[in-house]
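Q: This is a predicted model, with the sequence first.
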Amino acid sequence: SQKIEQNSEALNIQEGKTATLTCNYTNYSPAYLQWYRQDPGRGPVFLLLIRENEKEKRKERLKVTFDTTLKQSLFHITASQPADSATYLCALALSSGGSYIPTFGRGTSLIVHP
Amino acid sequence: DVKVTQSSRYLVKRTGEKVFLECVQDMDHENMFWYRQDPGLGLRLIYFSYDVKMKEKGDIPEGYSVSREKKERFSLILESASTNQTSMYLCASTPTVIRDLTPAGELFFGEGSRLTVL
């Protein structure tokens, strides 16, 4: 069966450290993978997109890697801050009849302690 | 800035009522989506639409229908609300890249509509 797995347990880290979140998938061949941030009671907000032929993408303090052999993406936040505390969702874009349909993992909660 | 507006942030309805959730986007996006989000289950796709009057079923369409009469508006309809449809409903849109006719990727979400069915 097809699965997208993100750690269900919250990740607790100290301010200033690097947070690393994992997204694993099985039985998919995504065209690209995205990461979103979601704050409580709000809609998700897009952060980064990485395509299947890209290994790494960076944006300010954010870095995403995509290993299609391991079927895994890692999302890093360097120099983390309490304001980075949120739930982070990965989404795989799967081909469906000519469109690419985003399918989401369940998300991992990140808590950055001052 | 792209804006996706959902008509109601909070709704309380009774079992058996017909419920309309409205979503409007102001960026001329071709693709629109309805997801529901439940604790422990994440976002699950209900329906999506890639053009006016076009609709496709997502992973959990049962108990729902949709309407896309205008490009900017995508409505989710619960014909007869049930308690198991209590959830957060999220609408999203994304453009299609004309060059290769694939969606550009980034989903723009509304703020969500929290529906409680009693």
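A: Here it is on my side, so go on.
Q: neighbours around residue 94, how many?
A: By default, I'm working from chain A. Around residue A:94 there are 17 other residues, counting by other C-beta atoms under 10 Å in any protein chain shown. To be clear about C-beta, it is placed using only N, CA and C from the backbone, and glycine gets the same treatment.
Q: actually it's chain B I care about, not the one you picked
A: Residue B:94: 26 surrounding residues under other C-beta under 10 Å.
Q: now swap in residue A:70 and tell me
A: 11.
Q: Equivalent analysis for the one 3 residues further on, please.
A: A count of nearby residues for residue A:73, using other C-beta under 10 Å, gives 26.
Q: Could you do the one 5 residues further on as well?
A: The number of residues packed around residue A:78, counting by other C-beta under 10 Å, is 14.
Q: Contacts only, for it.
A: By C-beta atoms under 8 Å, 6 or more residues apart in numbering or on different chains, the contact list for residue A:78 reads A:18, A:61, A:63.
Q: Can you check the pLDDT for it?
A: pLDDT, residue A:78: 97.
Q: ditto for residue B:43
A: 94.
Q: do you know how far it is from residue B:59?
A: 10 Å (C-beta to C-beta, to the nearest Å).
Q: Tell me which of these two has more neighbours.
A: Just comparing residue B:43 and residue B:59: by other C-beta under 10 Å the higher neighbour count belongs to residue B:43, 27 against 12.
Q: Please list the outside residues in contact with the worst-scoring helix or strand of chain A on mean pLDDT.
A: Least confident helix or strand, chain A: strand A:99-104 with a mean of 81, by mean pLDDT, DSSP states H and E. The contact list for strand A:99-104 (C-beta under 8 Å, 6+ apart) reads A:4, A:28, A:31-32, A:34, A:36, A:89-95, B:31, B:33, B:35, B:42-45, B:48, B:50, B:56, B:58-59, B:102-103, B:105, B:107.
Q: And the buried ones among those, selectable in PyMOL?
A: Buried residues among those (16 or more other C-beta atoms under 10 Å in any protein chain shown), as a PyMOL selection:
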select buried, (chain A and resi 4+32+34+36+89+90+91+92+93+94) or (chain B and resi 31+33+35+42+43+44+45+48+50+56+58+102+103+105+107)
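Q: I am finished for the moment; much appreciated.
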